[in-house]
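In: A predicted structure for the sequence below; I have some questions about it.
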Amino acid sequence: MLSFQAQARTDGFKKIAGTWEYSAPTAPYPYTSGQIVLMNTDSGLAGELVVDGNHMKASSVSFDNDELIMELEIEYNPVTVKFKLIDGSLVGEANSPDGPVEVKASKVD
């Protein structure tokens, strides 16, 4: 049973792992667009946000039941981004000090 659960988790990580181009039109500049990079590692899923060449590693990344949750620190503020995987795209929202920000992402590789 454990190996089946581990295999299901690995298969789920495979469908989410890769580079995603994101758009968040109401976010403050320069965070209106960039990339989300998700990697399958030995210890689970890892990720980072890439904005204008700056890499911000996520402190926590989880993916379960087609829901992706990333926790990051952006300009000294904790930010949680919650996505649903819908028809091959990530659709969700980030909490920010100024309130919720809609975010959409499409996989590029």
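Out: Yep, it's here.

In: so who does D66 touch?
Out: 84-86 (C-beta atoms under 8 Å, 6 or more residues apart in numbering). Every C-beta, even on glycine, is put in place using the N, C-alpha and C of the backbone.

In: any idea which of the residues you listed is the one closest to S96?
Out: Using C-beta to C-beta, K84 is the member of the contacts of D66 that lies nearest S96, at 18.8 Å.

In: Touching, that closest one and D64? I think so.
Out: No. Using C-beta atoms under 8 Å as the test, K84 is too far from D64 to be in contact (11.4 Å).

In: Just the buried residues of the host helix or strand of V91, please?
Out: Assigning secondary structure by DSSP states H and E places V91 in strand 89-96. Buried residues in strand 89-96, counted by 16 or more other C-beta atoms under 10 Å: 90, 92-94, 96.

In: Counting by contacts, list what it packs against.
Out: If you count contacts as 3 or more C-beta pairs under 8 Å, 6 or more residues apart in numbering; DSSP states H and E, strand 89-96 packs onto strand 67-74, strand 77-86, strand 99-107.

In: That one: partners in the sheet, and parallel or antiparallel?
Out: Pairing partners of strand 89-96, with direction, according to DSSP bridges: strand 77-86 (antiparallel), strand 99-107 (antiparallel).

In: now it and strand 67-74, what's the angle there?
Out: 40 degrees (axes from the mean of the first three to the mean of the last three C-alpha atoms, to 10 degrees).

In: Just give me how far strand 89-96 sits from the chain centre.
Out: 8 Å (C-alpha atoms, centre = their mean, to the nearest Å).

In: that older thread, among the buried residues of strand 89-96, which two are most distant?
Out: Among these, L90 and S96 lie farthest apart (C-beta to C-beta), at 17.2 Å.

In: Do me a favour and average the pLDDT over stretch 102-109.
Out: In this model, stretch 102-109 has an average pLDDT of 96.

In: Can you name the residues in contact with that stretch?
Out: By C-beta under 8 Å, 6+ apart, stretch 102-109 touches 18-27, 35-36, 81, 83, 88-94.

In: Thank you kindly, that will do.
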